[in-house]
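Colleague: Model the structure of this input:
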Amino acid sequence: MRVDNVCGVCGAADESETHLFFRCHLSHLFWYSSSLQLNSLELAGADFLSNWESFWTRVKGRDHAEGIMQEFAFGLWRLWKNRNEVVFNGVHRQPLEILDSWRRNIAEFNEATLCQTAGVQARGRPRTSSLERGVCRWVKPAFGTLKVNTDASWCGKSFRTRVGWVCRDFAGLLHGAGGSGAELYHSAAAGEAAAIRTALMACIDYGYDNVIIESNAKVIIQMIRHELVFDFSLECILGDIEVLARRLRSVSFSAVPRESNVAAHSVAKFVFKEGRKFGWDYIGPEFLFNILAQDVNLPIRI
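Modeller: The predicted model follows:
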């Protein structure tokens, strides 16, 4: 989440993600009054990832740790929605109102989960998962590693190209997404390579230094990994990719099926349609939310 200088909720001269979710007076009241009873000031770290790791360290190994983390994630989402209501609609809610909305979101999630389980039991056999049907969904990376998916939208008539990328962590939470490109490329393959280059530049800008880059452009990935000889028409872009990759502490490149790359594809299509540059941090656009939820098998939709 890119932020301005002034917090839209409390008016403090700070709207960093750490302040908004943990140090803001309203957020502090929210966490302390919730059933989690958190002292949010103790959780606040240097950035969002350190905040998340701090909380995970507290709860891992406890009974129902996964449920606690889900409630924590719902709380973060609710605080962000409240911030947007303040900034864009001028609506200021009391902490108890935000807590009620948070509890309702959790209850709806639990009810949906129970209904899904009951449906499986009623049929007397387990529901066939998307993986069992042969559909390969996005796979979470290991803890401490970020996964960045990339894709390009290319027009064969005009050669117009737009690229998109989406970065997520081990829990499937969004860390950043964006898209750009007003350039013309001679082929779809060049566009796919440009998408990877753009994603690497974003990793450097955002400070992601331990990443997996995924693309459904298998041939491009094989060239980057030197499993295939460079196409001479792509040498410039692929050379840029090698240079950029050396600026990261750890980076690997993987080819995935198109079904595992839906999020990045949707961003590339959106950017192509809108025709301009976009960038989002921890809370992305609404059109992306449902895809991210589906990729981690959450039944919530907006």
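
Colleague: ok, now which ones touch residue 230?
Modeller: The contact partners of residue 230, by C-beta atoms under 8 Å, 6 or more residues apart in numbering, come to 223, 238. C-betas here are computed from N, CA, C, even on glycine.

Colleague: pLDDT wise, what is it at?
Modeller: According to the prediction, residue 230 has pLDDT 85.

Colleague: Surely it forms part of a helix?
Modeller: No: assigned with DSSP: H, G, I helix; E, B strand; the rest coil, residue 230 falls outside any helix and is coil.

Colleague: Backbone dihedrals for it, please?
Modeller: Per-residue torsions, residue 230: phi -60, psi 140 (degrees, to the nearest 10).

Colleague: Was I right to think residue 172 contacts residue 297?
Modeller: No: using C-beta atoms under 8 Å, residue 172 is not in contact with residue 297, being 9.1 Å away.

Colleague: The two: which has the busier surroundings?
Modeller: Shown here are residue 172 and residue 297; by other C-beta atoms under 10 Å, residue 172 has more neighbours (18 against 11).

Colleague: contacting residues for the residue nearest to that one when sequence neighbours are not counted?
Modeller: Setting aside the residues directly before and after it, residue 172 is nearest to residue 296 in space (C-beta to C-beta, 6 or more residues apart in numbering), at 3.6 Å. Contacts for residue 296 (C-beta under 8 Å, 6+ apart) come out as 138, 140, 171-172.

Colleague: one more time with 10 Å, if that's ok
Modeller: By C-beta atoms under 10 Å, 6 or more residues apart in numbering, residue 296 lies in contact with 137-138, 140, 168, 171-173.

Colleague: Columns secondary structure, distance to residue 24 and pLDDT on top of those, output as TSV?
Modeller: Converted to TSV, the contacts of residue 296 look like this (DSSP: H, G, I helix; E, B strand; the rest coil; distance: C-beta to C-beta, whole Å; pLDDT from 0 to 100):
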residue	secondary structure	distance to residue 24	pLDDT
137	coil	35	79
138	coil	32	90
140	coil	29	92
168	strand	25	95
171	coil	23	89
172	coil	25	91
173	coil	20	91
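
Colleague: And the residue nearest to the spatial centre of the chain, how far from residue 33?
Modeller: Geometric centre of the chain, nearest residue: residue 174, 1.8 Å, by C-alpha atoms, centre = their mean. Residue 174 sits 27 Å away from residue 33, going by C-beta to C-beta, to the nearest Å.

Colleague: Where does the prediction get shaky in the stretch 151-300 of the chain?
Modeller: Residues of the stretch 151-300 of the chain meeting the criterion pLDDT under 70: 182, 299-300.

Colleague: quick check: domain ranges of the chain?
Modeller: Following the assignment in automatic domain parsing, the chain carries domains at 17-123, 146-295.

Colleague: Would you point to the one among these that's packed deepest?
Modeller: Of all the domains of the chain, domain 146-295 has the most neighbours on average by mean count of other C-beta atoms under 10 Å, namely a mean of 19.

Colleague: what about that domain, start to end distance?
Modeller: From its first residue to its last, domain 146-295 covers 15 Å (C-alpha to C-alpha, to the nearest Å).

Colleague: Need phi/psi at residue 246.
Modeller: Note on residue 246: its backbone torsions stand at phi -70, psi -10 [degrees, to the nearest 10].

Colleague: now do the same end-to-end measure for stretch 11-30.
Modeller: 17 Å.

Colleague: mind listing the strands for the stretch 151-300 of the chain?
Modeller: Taking DSSP state E, counting those that start in this stretch as the criterion, the stretch 151-300 of the chain carries its strands at 161-168, 174-180, 210-215, 250-255, 278-280.

Colleague: what's near enough to touch the closest residue to the residue nearest to the centre of the chain other than its chain neighbours?
Modeller: Spatially, and ignoring its direct neighbours in sequence, residue 174 is nearest to residue 284 (5.1 Å; C-beta to C-beta, 6+ apart). Residue 284 sits next to 1, 166, 174-178, 263, 267, 278, 291-292 when contact means C-beta under 10 Å, 6+ apart.
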